[in-house]
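Asker: Okay, structure incoming, though there's no sequence with it:
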């Protein structure tokens, strides 16, 4: 098998597995005051410090969650509620049109249930935010903007967003900015302190930690209304008993991923370039999506469109040959709709439907790339034949449906 879907989830690092396994047999609720509870609390707080160090934050800014999706929802909804409570005029929620659905759907929920006015910010043909359009949108009525959310790097095409420029623009009007950064820390330099963000989402399973634990980095002076109510854990922002083994594994993975990032990013970029080069040699009419410049995209993502093909068909045909990739976000897998990211970039719907994402990670090898390249040409040919046959059947059905009835 060649696993090329690391942007969906990447295998746990052996060091993170070892940390988690060593703690699974232990007992202790980190909120309890007895000895077992204090031991668990010590593990959590040491892990919090390790996470903060890896991500350029203070330990007190790390709010632990169950996932990146929860952290995104907490940021978008919590900031909106807090800002709206302070000033009822603040109803506008500005999000880029290429955000993950954890942000887009959270914003849509606010519009449906909480009176928010959601405005999608346009991107250019590479998937990068249109900064002049953002400036004009904010300038229309700065006092009514509750928050801005722009992801650090796109999970489908890999385009890196101008987060610091967004923060600088928003700071002129004291507007908080949130960024979904789940794809970034393992491949790009990320510092919460240097970014100037009010809130930033990260998750463990994108950088070699376990599924089921994430974090929202939240500035100490940033007010936030919680989603969950109960025990008042995590600064009264996120109630719930902490998963001590998972938190420790998250911290271990983050520290190791950041330490190894320079070497890994260079290795992944080389593999990605080999993959793209090989695909274009085998399928010359394939089209590369995203930013063509190396510094403008994640090292580990190659996103391509194959004219005349259906993306789901390509995925399943490749899967049958042992090549595992994606048509886009794993959270949208199985949904028969073209990628909202590609559509926002101005890509035609037909091209968007015939696209695949190959994403590389710490276990990726040249052999994985070679296997994918070798499989693609026959798979694309078969998908195109199937598409042509399907169109032929559709045309025949249309001719029958449109025929003039006998005797008319």
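Answerer: Ah, there it is. From a predicted model like this one, the values you see are computed outputs, not experimental measurements.
Asker: in stretch 163-171, what's buried?
Answerer: Within stretch 163-171, the residues scored as buried using 16 or more other Cβ atoms under 10 Å are 163, 166, 167, 169, 170. Yep, even glycine has a C-beta here, placed from its N, CA and C like the rest.
Asker: contact partners of that stretch?
Answerer: 129, 131, 134-135, 138, 148, 150, 152, 176-177, 179, 194-197 (Cβ atoms under 8 Å, 6 or more residues apart in numbering).
Asker: Same check on stretch 172-181?
Answerer: Taking Cβ under 8 Å, 6+ apart as the criterion, the residues outside stretch 172-181 that touch it are 68, 72, 75-76, 79, 83, 99-100, 102-103, 138, 142-143, 145, 147-153, 161, 163, 166-167, 170, 190, 195-202, 222.
Asker: ok, now stretch 76-92?
Answerer: When contacts are taken as Cβ under 8 Å, 6+ apart, the neighbours of stretch 76-92 outside the stretch itself are 93, 95, 103, 106-107, 109-110, 114-119, 141, 143-147, 149, 176, 178, 198-199, 222-227, 237.
Asker: do the same with stretch 308-315
Answerer: 306, 325-328, 336, 353-356, 379-380, 383-384, 386-388.
Asker: Weed out the non-buried ones from those.
Answerer: Using 16+ other Cβ under 10 Å as the threshold, 306, 325-328, 353-356, 379-380, 383-384, 387 are the buried ones among the contacts of stretch 308-315.
Asker: Distance across stretch 136-147, terminal residue to terminal residue?
Answerer: Taking Cα to Cα, to the nearest Å, stretch 136-147 runs 15 Å from one end to the other.
Asker: same deal with stretch 55-65?
Answerer: Terminal residues of stretch 55-65 are spaced 16 Å apart (Cα to Cα).
Asker: Please report the distance of the residue nearest to residue 194 when sequence neighbours are not counted from residue 92.
Answerer: If you skip the residues right next to it in sequence, residue 194 has residue 56 as its closest partner in space, 6.1 Å away by Cβ to Cβ, 6 or more residues apart in numbering. Distance, residue 56 to residue 92, by Cβ to Cβ, to the nearest Å: 29 Å.
Asker: Over to residue 147?
Answerer: 9 Å.
Asker: Comparing those two, which residue is more hemmed in?
Answerer: Just comparing residue 147 and residue 92: by other Cβ atoms under 10 Å the higher neighbour count belongs to residue 147, 27 against 23.
Asker: So the closest residue to that one other than its chain neighbours, which state does it fall into?
Answerer: Distance criterion Cβ to Cβ, 6+ apart; nearest residue to residue 147, sequence neighbours excluded, is residue 79 at 4.4 Å. Under DSSP: H, G, I helix; E, B strand; the rest coil, the three-state class of residue 79 is helix.
Asker: The closest residue to residue 24 other than its chain neighbours: neighbour count?
Answerer: The shortest distance from residue 24 to any residue other than its chain neighbours is 5.1 Å, reached at residue 245 (Cβ to Cβ, 6+ apart). The burial count assigned to residue 245 is 21, neighbours taken as other Cβ under 10 Å.
Asker: Now residue 245: which helix or strand?
Answerer: When secondary structure is defined by DSSP states H and E, residue 245 falls within helix 244-282.
Asker: Does residue 265 touch residue 189 like I think?
Answerer: No: in this structure, residue 265 is not within contact of residue 189 by Cβ atoms under 8 Å, at 9.3 Å.
Asker: With neighbour numbers in mind, choose between these two.
Answerer: The residue with more neighbours, out of residue 265 and residue 189, is residue 265; 17 against 12, by other Cβ under 10 Å.
Asker: show me where pLDDT drops low in this protein?
Answerer: The chain contains residues with pLDDT under 70 at 328-336, 388-408.
Asker: Walk me through the domains of it.
Answerer: The record's domain parsing of the chain by automatic domain parsing lists 13-256, 261-392.
Asker: Grab the nearest non-local neighbour of the most centrally placed residue in the chain.
Answerer: The structure's the chain has its C-alpha centroid closest to residue 155; by Cα atoms, centre = their mean the separation is 4.2 Å. Leaving aside its chain neighbours, residue 155 sits nearest to residue 183 (5.2 Å; criterion: Cβ to Cβ, 6+ apart).
Asker: Quick one: neighbours of the one you found, just the number.
Answerer: Using other Cβ under 10 Å, residue 183 has 28 other residues around it.
Asker: Filter the contacts of stretch 163-171 down to the ones in strands?
Answerer: 148, 177, 179 (DSSP state E).
Asker: most neighbours, which of those residues?
Answerer: When neighbours are taken as other Cβ under 10 Å, the top entry among these is residue 179 (30 neighbours).
Asker: Which strand residues bridge that one?
Answerer: With DSSP bridges as the criterion, residue 179 is bridged to residue 200.
Asker: circling back to that earlier point, could you flag which of the contacts of stretch 76-92 are buried?
Answerer: With burial judged by 16+ other Cβ under 10 Å, the buried subset of these is 93, 95, 103, 106-107, 110, 116, 118-119, 145-147, 149, 176, 178, 198-199, 222-224, 226-227, 237.
Asker: Report how many residues lie close to residue 212.
Answerer: When neighbours are defined as other Cβ under 10 Å, residue 212 has 14 of them.
Asker: OK, contacts around it?
Answerer: If a contact means Cβ under 8 Å, 6+ apart, then residue 212 has 66, 67, 204, 205, 243, 246 as its contacts.
Asker: do the same with residue 246
Answerer: In this structure, residue 246 makes contact with 20, 204, 209, 210, 212, 213, judged by Cβ under 8 Å, 6+ apart.
Asker: do the same with residue 216
Answerer: The neighbourhood of residue 216, defined by Cβ under 8 Å, 6+ apart, consists of 63, 65, 71, 74, 75, 199, 200, 201, 237, 238.
Asker: next one: residue 186
Answerer: Here residue 186 is in contact with 10, 206, 207, 208, 257, 258, 261, 264, 361, 362 (criterion: Cβ under 8 Å, 6+ apart).
Asker: Contacts only, for the fifth one.
Answerer: What it means is residue 257. Residue 257 makes contact with 13, 54, 185, 186, 207, 208, 264, 362, according to Cβ under 8 Å, 6+ apart.
Asker: okay if I get the contacts of residue 186 as CSV plus distance to residue 277?
Answerer: Below are these laid out as CSV (distance: Cβ to Cβ, whole Å):
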residue, distance to residue 277
10, 23
206, 26
207, 27
208, 27
257, 27
258, 29
261, 24
264, 20
361, 20
362, 22
